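Engineer: Fold the following, please.
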Amino acid sequence: MEQSALQAPIGIFDSGIGGLSVLRAILREPINRPIIYLADQAHVPYGQRSLADVRQFSQDISSYLIDQGCKIIVVACNTASAAALYSLRMSFPEVPFVGMEPAVKPAAEQTRSGVVGVLATPATFQGVLYASVVERFAGNVQLLQATCPGLVEQIEAGRLDSPETREILSTALGPMLDQGIDTIVLGCTHYPFVIPLIQEIAGPTMRVIDPAPAIARQVRRVLVKNQSAGYQHELPPSSVPLRMITTGSPSKMADLLPRLLGRSIAVERLTLNVLR
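Structural biologist: Model prediction:
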């Protein structure tokens, strides 16, 4: 029997735990829906993989989430959004997809110095989506880019404030600070977890733009548009049913959830053949 729209879960996926930053923001919205979160940790980080590989992973994961009854899917990964969002919408036209877009527009609107730093993965910078955002919104600002090699791996390991993590961020931010940035765009969903460290390095007055709250609001708008939000019985975030799945180690992911999400949740391992 098909699930009603009101009962159908929201599907969220990322290469790893980065999408938990988006999940946190969604949990702050009055969305009374179960959520399935899938971390493709067998293939993390996506940012160093080919766009074709990321596109295939995204297709397989989306197919799985749809089979689990999801009626809306959040691509909580900038790299996957850059590589696959268009093809996902073409492959699954009956399902709304909400993807990540680098927050260049608000950065361009907020900067006073006219110099904005963007932290993202190589695949995000190579994607058509990023080029389109830059063309549309960054005509009057100078954008400085850094890929932060190794940062996703540090965050995946829970090393949010280690000397190695600090060194990666200092190396990326140092030249940008020398050139006068006053705003930083986080172009990877892993990076919000190191905002405290970024602000330690860049200073407390630095604007750091986390796109997750805007994505959460877009999810709510999509649900309202599809008349499937069900706000009449708002649940506190701690009561929203969550199903957590990984293609990697369930125990390692479960160990990080209390720190990153504020909840202890059992994690399942995905045995989908295409992702082994």
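Engineer: Distance from the helix or strand of the chain with the lowest mean pLDDT to the middle of the chain?
Structural biologist: Least confident helix or strand, the chain: helix 122-126 with a mean of 88, by mean pLDDT, DSSP states H and E. From the chain centre to the centre of helix 122-126 is a distance of 15 Å (CA atoms, centre = their mean, to the nearest Å).
Engineer: what sits up against whichever helix or strand comes after that helix?
Structural biologist: Next along the chain after helix 122-126, taking DSSP states H and E as the criterion, comes helix 128-137. For helix 128-137, the external contacting residues (CB atoms under 8 Å, 6 or more residues apart in numbering) are 81-82, 85, 99, 101-102, 104-105, 108, 120, 124, 143, 187. Bear in mind the C-beta positions are built from the backbone N, C-alpha and C, glycine included.
Engineer: is Ala146 in a bridge, and if so with what?
Structural biologist: Listed beta-bridge partners, Ala146: Leu119 (assigned using DSSP bridges).
Engineer: of all the contacts of helix 128-137, which comes closest to Thr246?
Structural biologist: Closest approach to Thr246 among the contacts of helix 128-137 (CB to CB): Ser81, at 19.9 Å.
Engineer: Quick check: the gap between that closest one and Gly19.
Structural biologist: Relative to Gly19, Ser81 is positioned 11 Å away (CB to CB, to the nearest Å).
Engineer: repeat for Gly69
Structural biologist: 19 Å.
Engineer: more neighbours, those two?
Structural biologist: Gly19 (27 against 14; other CB atoms under 10 Å).
Engineer: is it true that that one touches Ala76?
Structural biologist: Yes - using CB atoms under 8 Å, Gly19 is in contact with Ala76, at 3.1 Å.
Engineer: So, low pLDDT: which residues of the protein?
Structural biologist: 1-6, 227-239, 272-276 (pLDDT under 70).
Engineer: so Thr124 touches Cys188, yeah?
Structural biologist: Yes - contact criterion CB under 8 Å: Thr124 and Cys188 qualify, at 6.9 Å.
Engineer: Find residues that contact each of Gly19 and Ala76.
Structural biologist: Any residue near both Gly19 and Ala76 by CB under 8 Å, 6+ apart counts here, and that gives 12-13, 189.
Engineer: out of these, which is most surrounded?
Structural biologist: When neighbours are counted by other CB under 10 Å, Thr189 leads the shared contacts of Gly19 and Ala76 with 31 neighbours.
Engineer: Test my guess that that residue contacts Val75.
Structural biologist: No - at 9.7 Å, Thr189 does not count as touching Val75 under the criterion of CB under 8 Å.
Engineer: between the two, what contacts are shared?
Structural biologist: Here Thr189 and Val75 share the contacting residues Met100, scored by CB under 8 Å, 6+ apart.
Engineer: quick revisit: give me the common contacts of Ser81 and Gly19.
Structural biologist: With contacts taken as CB under 8 Å, 6+ apart, not a single residue reaches both Ser81 and Gly19.
Engineer: any common contacting residues for Thr124 and Cys188?
Structural biologist: In contact with both Thr124 and Cys188: 47, 78-79, using CB under 8 Å, 6+ apart.
Engineer: what about the helices in this structure?
Structural biologist: With DSSP state H as the criterion, the chain has helices at 20-27, 51-67, 78-91, 104-110, 122-126, 128-137, 151-156, 163-178, 195-202, 212-225, 250-260.
Engineer: Adding distance to Ala8 and mean neighbour count, write these out as TSV.
Structural biologist: Below are the helices of the chain laid out as TSV (distance: least, CB to CB, whole Å; neighbours: other CB atoms under 10 Å):
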stretch	distance to Ala8	mean neighbour count
helix 20-27	15	24
helix 51-67	10	19
helix 78-91	18	23
helix 104-110	31	18
helix 122-126	30	20
helix 128-137	27	16
helix 151-156	29	22
helix 163-178	38	16
helix 195-202	32	16
helix 212-225	10	18
helix 250-260	24	16
